[in-house]
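*Asks:* Here is my input, please return the structure:
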Amino acid sequence: MLTPLGRLDKYAASENIFNRQMVARSLLDTLKEVSDDERDCIAVLERISRLADDSEPTVRAELMEQVPHIAMFCQENRPSIPYAFSKYLLPIVVRYLADQNNQVRKTSQAALLVLLEQELIERYDVETKVCPVLIDLTAPDSNDDVKTEAVAIMCKMASMVGKDITERLVLPRFCEMCCDCRMFHVRKVCAANFGDICSVVGQQATEEMLLPRFFQLCSDNVWGVRKACAECFMAVSCATSQEVRRTKLSTLFINLISDPSRWVRQAAFQSLGPFISTFANPSSSGQYFKEEDDKNSEDHASAQENSEQIRTTEDITTEDEHNRAEDLSSHVDNDNFAAKLENAMGDQNAVSNNSQRESDFQTESSFHCTLSSDSCGGMADESKRSSHCCTTGLRETGHISQETSLSEQELYNSFHFWRTPLPEIDIDLELQQTSEIILNREIQELTMPVSPNIPMATRKELEEMIENLEPHIDDPDVKAQVEVLSAALRASSLNPQEETVASIGKGTDSQTELTSSDQQNFKPILSDIVPLIGDTVENMDSTLHYIHNDSDLSTNSSFSPEEERKSKVQDVVPQALLDQYLSMTDPSRAQTVDTEIAKHCAYSLPGVALTLGRQNWHCLKDTYETLASDMQWKVRRTLAFSIHELAVILGDQLTAGDLVPVFNGFLKDLDEVRIGVLKHLHDFLKLLHLDKRREYLYQLQEFLVTDNSRNWRFRAELAEQLILLLDLYSARDIYDYLRPIAFSLCADKVSSVRWISYKLVSEMVKKLYMASTSTFVVDLMNELVEKFCRCRKWSGRQTFVFICQTISEDDCLPMDQFAVHLLPHLLHLASDRVPNVRVLLAKTLKQTLLEKEYFLNSANSHQEAVEQTIMALQMDDDSDVKYFASIHPASTKIADDAMSTASSTY
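*Replies:* As a prediction, this is how the structure comes out:
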């Protein structure tokens, strides 16, 4: 009979390929057989080296698959075969990295990564044997496929070998590969693994050596490389400083979002939320400082109060101008926007042209921020500044538009709309006034009557004009025209003071455009009193440029530095990034970027909210509400699964005001959405105040109804959540509202739901017993007896036994109380006509109750009753009942099996 070594030599020399494959596959077994003899082990390892020279690729690939297992064995038996791996196996792995056969190379790469992950390669061997080979394989004259694979291996092994080796040996060659001009595949691999390298080498090396290469890759002429950069952007950002992240990476990311390739834009938008989250700062997120919560709540309350006061003093026409300007700033061209952002982030001492573009960007972004904050109901000082800036800009532009001579056709262009005149006021003079004087002046302006020299049309003419405008009600420009016509109609029958009140307080009636005859009749009336918004829009940029770039603005105005700081929309994230994130809910994005872009927006929204902090929630509120009403259920499902986390971020006040309505909507949604709310029902409700929390007691019953009755996991999750909800409600609420649901779940058709429900009922008994009023637990146990123990169906009676078993095992009720209220009814089931009930009763009495100290050490009537019942069950006609009533639970393996859930089938 051949020895293990003889058998190995025989088949290794065979001409049959399958025999040699079998030899490679059995090397580990052979090595284990001869492990006691060191010389035999060395002989096997030497034969492995010879087998590695086999000309058949399948044999070499099979050998390489066994190398990690053999290396593990050598590591465990290191005393008998020292340095076996380093001397015999590692050279084979390294040599196969450059093998001509693709399958062999792939197998060796996988083996190398496994060996590194298991720390089977010594650090010295990594530096002297592995890294030099990989460096050679990535040389310019290396094979293209081998070079690409070697770069991938270098990147993947960086996190395993550590910072020192990576920085000394891998980083220089990696930087060279990022600039490989001949093969975009190499650059694409470098871009895909860029984040891993950055996270290993640290911040200094990333900013000094890697970022310049990253900028080149992000502007690569191959879209696949740029897409890979967008996908790893978050990891790169995490390895840089806050300043670099804000000034350089933000600009770079905007370029990727506006990339010509749809696939690049798609990847960029998917990474936008994670990238924004890297700007998070604990001191501004409201998560770590309790005193900040109090301050934020006070700021929010004062903001709402002040915002309402200021809102009542604004002219409705100023609001129209406001909305039009907001639309204008939100449709900035992406390419120009990116260029302006790059200039804004660049050197402050650039040429005048760049400085001008920088100012333009700051103007547009700041104006957009201000409007967004005002529309979201932001801070009080933000509302003041918004009103101040808009009023100032509109006054200047109104003055310019009044001086412009317009043709008759241009005057009635459908792109224009009308507003009441704004008086000529010197901007410089206004800027020097205090905020109180500004508000008073605005109120005075709003109450000024229309000039008496304005010719008025008859009521009949005005009514005809409004009637003719109705077919075009959807045109926003015509809407504004109708507002003025309606105001004029009311003014014809009101005194000047009543006219002013009506023009401020009333809305619109209907909208369309004027007919040609009505235009001629109405032209004398409006030509003198109404300047055109078109001129206002044309001059808006210059006005805002003046406002935002006036170096004396902060000193001339009455705003204190603290108020100036609060007036910003948010200063955590570059506004351009936030604007792009908010635009992800735009329906046009689904057509031009990705059909699931809204889902990506919803997925990353909690991270963005945490980054901005609860004080900046007004920036995200509208976006969140838009996502919550999205037509795609996957978007709503994503929000439903994360609403509890968002509630933690926002705190009690914002949760009650903004998240509770969304939560209520999810409760009535599809099952796919409701399950997200249900899985974290306890997490969300515990954040609400008690009175608000109690409102949901009435809705818990609705979770029992599902779109598909076979969706039993939904009911199982409900039972799990009800167990947690017991801690949130009083004993009366538990008895009145949760008890019926628990009993319904105990009678479910699916056993997995029933098993969780038994736990729910037992915890409910424990909770009610610990309450100050003991009548609830007595009533609950009486209902258990009535509903289940005396049930006509045997499954109901068996449920009662299961509940009693759970109560006893978990010690939910003292044994003396259990013996009084439940034990007599439990023992009565010994005469049940269904064997399954008696089997479970025998197991419960023998394995659970008799193990309790109450029935072991104290002689009482209850103990005697239990023993008599067991004796009766031991003489039962059914063999299974006899068995479980007689045998000790731990005496045989059958008894162990009997204790399992599977043996308790029913």
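
*Asks:* need the contact list for the closest residue in space to residue 120 that isn't next to it in sequence.
*Replies:* By the measure of Cβ to Cβ, 6 or more residues apart in numbering, the closest residue to residue 120 outside its immediate chain neighbours is residue 71, 5.0 Å from it. Every residue, glycine included, has its C-beta placed from N, CA and C. Contact analysis of residue 71 by Cβ atoms under 8 Å, 6 or more residues apart in numbering lists 85, 89, 115, 118, 120.

*Asks:* mind checking the end-to-end distance for stretch 7-25?
*Replies:* 13 Å (Cα to Cα, to the nearest Å).

*Asks:* From the rest of the structure, what touches that stretch?
*Replies:* 2, 26-27, 30, 44, 47, 50-51, 54, 56, 58-59, 62-63, 66.

*Asks:* And for stretch 692-708?
*Replies:* 656, 660, 667, 670-671, 674, 678, 685-686, 714-715, 718, 722, 728-729, 733, 736-738, 740-741, 744-745.

*Asks:* for it, which positions count as buried?
*Replies:* 693, 694, 696, 697, 700, 703, 706 (16 or more other Cβ atoms under 10 Å).

*Asks:* between these, which is closest to residue 641?
*Replies:* If you rank these by distance to residue 641 using Cβ to Cβ, residue 703 comes first, at 16.1 Å.

*Asks:* Quick check, pLDDT for that closest one.
*Replies:* The model reports residue 703 with a pLDDT of 90.

*Asks:* now the one 10 residues further on
*Replies:* Residue 713 is assigned a pLDDT of 93 by the prediction.

*Asks:* Tell me how far it lies from residue 828.
*Replies:* Taking Cβ to Cβ, to the nearest Å as the measure, residue 713 falls 35 Å from residue 828.

*Asks:* coming back round to it: please convert the buried residues of stretch 692-708 to CSV, extending it with secondary structure.
*Replies:* As requested, the buried residues of stretch 692-708 are exported to CSV (DSSP: H, G, I helix; E, B strand; the rest coil):
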residue, secondary structure
693, helix
694, helix
696, helix
697, helix
700, helix
703, helix
706, coil
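
*Asks:* now, which of these sits nearest residue 226?
*Replies:* residue 706 (45.5 Å).

*Asks:* Counting neighbours, which bits of the one helix or strand the residue nearest to residue 120 maps to end up buried?
*Replies:* Following DSSP states H and E, one finds residue 71 within helix 57-76. For helix 57-76, the neighbour count (16+ other Cβ under 10 Å) marks 57-64, 66-68, 70-74 as buried.

*Asks:* next one: stretch 773-783
*Replies:* 776, 777, 780, 781.

*Asks:* Would you mind checking which of the residues you listed is nearest to residue 752?
*Replies:* residue 780 (23.6 Å).

*Asks:* for the closest one, what are its contacts?
*Replies:* 735, 739, 764, 765, 768.

*Asks:* can we see that at 10 Å?
*Replies:* 731, 734-735, 739, 742-743, 761, 764-765, 767-769, 821 (Cβ atoms under 10 Å, 6 or more residues apart in numbering).

*Asks:* ok so, going back, and of the buried residues of stretch 773-783, the nearest to residue 841?
*Replies:* residue 781 (17.7 Å).
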